[in-house]
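[1] Sequence and predicted structure below; questions after.
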Amino acid sequence: MKCSIGSGKNDVLKSLEEKGISRRDFMKFCAAVSAAMAADATFTPAKVAEALTSGKRPPVIWLHFAECTGCSESVLRSTEPDIATVLFDVISLDYHETLMQCAGEAIEEALHKAVHDHEGEFVLVLEGGVPTAEGGIHGKVAGKTMLSTLEEIYPKAKATICLGTCAAYGGVQKAAPNPTESKGCSEALGGALMVQVPGCPPNPISFIGTVVYFLTKGLPELDDAGRPTLFYGETVHDQCPRLKYFEEGKFAPSFDSEEARKGYCLYELGCKGPDTYNNCPKVLFNQVSFPIQAGHPCIGCSEPDFWDEMSPFYEA
């Protein structure tokens, strides 16, 4: 499964071209990442491209806990260009349960070999919350609890990224009544330092941007919820294309109303944009759309405990 290419800019670009991604497509992608990182003017498209083609491919170990794999899917199914192809030529993905072809003892051996060979050097990507009730017995992989696996591997990583709201804050597994006492990965370890890239699912550009930042400058500046301020520094409301209608007091009374079709504000239909920090309106999914643009209120999926704090989703 591990990608194998030479080092250096030309090798990365050649590998991408062989997989159907032209230099033009790659630079368009770098421009999209740069736009998402606009709060730091040093990340021009050229600088993003330089980071992604530097040949410094960090080893990555990607663990799955209590989740639906939707965060991995959001990366794998992205288009224009195929972000997964770009990502896997930039990093050295040494372990990912969903993508690996082996199973059983072979996959467990692969995990421990990757950790051993790259201890102190690898980036740990976590996907999913962690059940902690009764010592974590409600979530197991290979006969070991997810909690014990996290406790074992986290201290050996150079940096840790929690991808998606489940890994960041517990997600739907943590929603009341939470019988398994699921928690976000950082909380499960008592507040360990991790970069949170929440969303249900998160935008792949935010994940790629976090990787770019790590490759060039190390850990990014984080807000009080552990999120990179580059991507989570503004509310969805303040970036929303329907903002002018909110300021004019023009609200859609129902989803199928003429006002909704005109693009009026969805706040009175339950939009949680004013209380949600994310870059959805700027970055879009697949650079095409995001929920509010498609006519659906924001449900606050990048906020801690949004299942409990933001529901019911269709009330202002």
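    Yep, it's here.
[2] quick one: Ala175 and Phe306 touch, right?
    No. In terms of CB atoms under 8 Å, Ala175 does not count as a neighbour of Phe306; the distance is 9.1 Å. In this view, the C-beta of every residue, glycine as well, is placed from N, C-alpha and C.
[3] Looking at the two, which is more packed in?
    A direct count of neighbours by other CB atoms under 10 Å for Ala175 and Phe306 places Phe306 higher, at 23 against 14.
[4] Name the nearest residue to that one, sequence neighbours excluded.
    Counting by CB to CB, 6 or more residues apart in numbering, Phe306 lies nearest to Gly300, which is 4.4 Å off, once chain neighbours are set aside.
[5] for Leu76, same thing?
    Nearest-residue entry for Leu76: Ala84, 4.7 Å, with adjacent residues in sequence omitted and distances by CB to CB, 6+ apart.
[6] Any idea how far the helix or strand hosting the one you found is from the middle of the chain?
    Take DSSP states H and E as the rule and Ala84 turns out to sit in helix 83-90. Taking the mean of its C-alpha atoms, helix 83-90 sits 14 Å from the chain's own mean (CA atoms, centre = their mean, to the nearest Å).
[7] Tell me which helix or strand comes right after it.
    Scanning forward in sequence from helix 83-90 by DSSP H and E, the next helix or strand is strand 92-96.
[8] how far does that next one sit from the chain's center?
    Counting by CA atoms, centre = their mean, strand 92-96 comes out at 16 Å from the chain centroid.
[9] Run through who's touching that strand.
    Contacts made with strand 92-96 from outside it, assessed by CB atoms under 8 Å, 6 or more residues apart in numbering, are listed as 1-3, 57-63, 72, 99, 110-111, 114, 118, 122.
[10] just the buried members of those?
    Neighbour counting with 16 or more other CB atoms under 10 Å marks 57-63, 72, 110-111, 114, 118, 122 as buried within the contacts of strand 92-96.
[11] Restricted to strands, list these.
    In strands, judged by DSSP state E, the following of those are found: 59-63.
[12] So which residues of the chain form strands?
    Counting by DSSP E, one finds strands in the chain at the ranges 59-64, 92-96, 123-127, 130-131, 140-141, 144-145, 159-163, 182-183, 195-197.
[13] Export those as CSV, with columns for distance to Tyr314.
    As requested, those are exported to CSV (distance: least, CB to CB, whole Å):
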stretch, distance to Tyr314
strand 59-64, 31
strand 92-96, 36
strand 123-127, 28
strand 130-131, 30
strand 140-141, 36
strand 144-145, 37
strand 159-163, 28
strand 182-183, 25
strand 195-197, 27
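[14] okay, these in a markdown table with distance to Ala39 and mean pLDDT next?
    Output for those, formatted as a markdown table (distance: least, CB to CB, whole Å; pLDDT from 0 to 100):
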| stretch | distance to Ala39 | mean pLDDT |
| --- | --- | --- |
| strand 59-64 | 25 | 94 |
| strand 92-96 | 28 | 88 |
| strand 123-127 | 22 | 96 |
| strand 130-131 | 31 | 98 |
| strand 140-141 | 37 | 92 |
| strand 144-145 | 39 | 96 |
| strand 159-163 | 19 | 97 |
| strand 182-183 | 30 | 98 |
| strand 195-197 | 16 | 98 |
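[15] Any idea which of those strands gets closest to Tyr213?
    For Tyr213, the closest of the strands of the chain is strand 195-197, at 9.0 Å, according to CB to CB.
[16] and that closest one, what other elements does it pack with?
    Taking 3 or more CB pairs under 8 Å, 6 or more residues apart in numbering; DSSP states H and E as contact, the helices and strands that strand 195-197 lies on are strand 159-163, helix 165-169, helix 204-217.
[17] quick one, which of these is packed in tightest?
    Using mean count of other CB atoms under 10 Å, the stretch among those with the greatest mean number of neighbours is helix 165-169 (a mean of 29).
[18] Kindly export it (C-alpha atoms) in CSV.
    Listed next in CSV are the C-alpha coordinates belonging to helix 165-169 (Å, rounded to 0.1, in the frame of the first residue of the first chain):
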residue,chain,number,x,y,z
THR,A,165,-15.5,15.8,14.8
CYS,A,166,-15.6,12.3,16.3
ALA,A,167,-11.8,12.2,16.8
ALA,A,168,-11.7,15.9,17.8
TYR,A,169,-14.6,16.0,20.3
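[19] Show me what that helix is packed up against.
    In terms of contacts (3+ CB pairs under 8 Å, 6+ apart), helix 165-169 is packed against strand 123-127, helix 185-188, strand 195-197.
[20] which residues are in contact with the second one?
    The one in question is helix 185-188. In this structure, residues lying in contact with helix 185-188 by CB under 8 Å, 6+ apart are 65, 126, 129-130, 132, 147, 150, 154, 160, 162, 167-170, 192-194, 196, 226.
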